[in-house]
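K.L.:
any chance you could fold what I've pasted below:
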Amino acid sequence: MTVRPVVKRTARAVLLDGDDLVLIKRTKPGMDPYWVTPGGGVEPEDPTVVDALHREVYEELGAKITDVVPCFVDTVEHIDEDGGATGVKVQHFFVCRLESMDPSLRHGPEVDEPTGEYEIVRVPFTRVGIASVHLVPLSLRHYLDGNIEGVRAMHAPDLG
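P.N.:
Take a look at the predicted model:
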């Protein structure tokens, strides 16, 4: 069995606010818009993947989250921008609730030195809502489409 090295890890929020899913609409020059969940790379100074998730959501949205529960993992081939390390990128997705958000607190490279636009958007957390945007990665779109009820159940009061 061949084990591929993990060269990058990310933490991403399937961020629910009532009946809505909070996303970031990415518009880059010369590309069609696409939507992503808030989050980003796990840095060496992040004690845990969940700590990275909180940091990234605060940087990208000026938001605080609660009720963080692991829900999905995606593994894809990865090559560094400089053509260096090759291996896989593991994306950890967590379902969580929006506690508060103040976009004026956004900071970090996406805000300070943007490549294109990062627009905070809300879509209904329904199959129709998810289908209305070009959500990436495609594996997450398929997972959510087939598991909306299950994702909501991850916040059930009797889950433990």
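K.L.:
what's the longest helix in this protein?
P.N.:
In the chain, taking DSSP state H as the definition, the longest helix is helix 138-153.
K.L.:
which residues touch it?
P.N.:
Taking Cβ atoms under 8 Å, 6 or more residues apart in numbering as the criterion, the residues outside helix 138-153 that touch it are 14, 16, 37, 71-72, 74, 93, 95, 125-127, 130-131, 135, 159. Placement of C-beta: from N, CA and C, glycine included.
K.L.:
buried ones in the helix or strand bottoming out on mean pLDDT in the chain, by neighbour count?
P.N.:
Each helix and strand of the chain was given a mean pLDDT (mean pLDDT, DSSP states H and E); the minimum falls on helix 109-112 at a mean of 81. Of all the residues in helix 109-112, those buried under the rule 16 or more other Cβ atoms under 10 Å are Glu110.
K.L.:
pull the distance from it to the chain's centre.
P.N.:
Computed by Cα atoms, centre = their mean, to the nearest Å, the separation of helix 109-112 from the middle of its chain amounts to 16 Å.
K.L.:
C-terminal to that helix, what's the next element?
P.N.:
The C-terminal neighbour of helix 109-112 among helices and strands, as given by DSSP states H and E, is strand 117-124.
K.L.:
buried residues in that next one?
P.N.:
By neighbour count with 16+ other Cβ under 10 Å, strand 117-124 contains the buried residues 118, 120, 123.
K.L.:
and after that strand, which helix or strand comes next?
P.N.:
Assigned by DSSP H and E, the successor of strand 117-124 is helix 127-131.
K.L.:
about what we covered before: farthest-separated two in the contacts of helix 138-153?
P.N.:
Greatest spatial distance among those (Cβ to Cβ): Ala131 and Leu159, at 27.5 Å.
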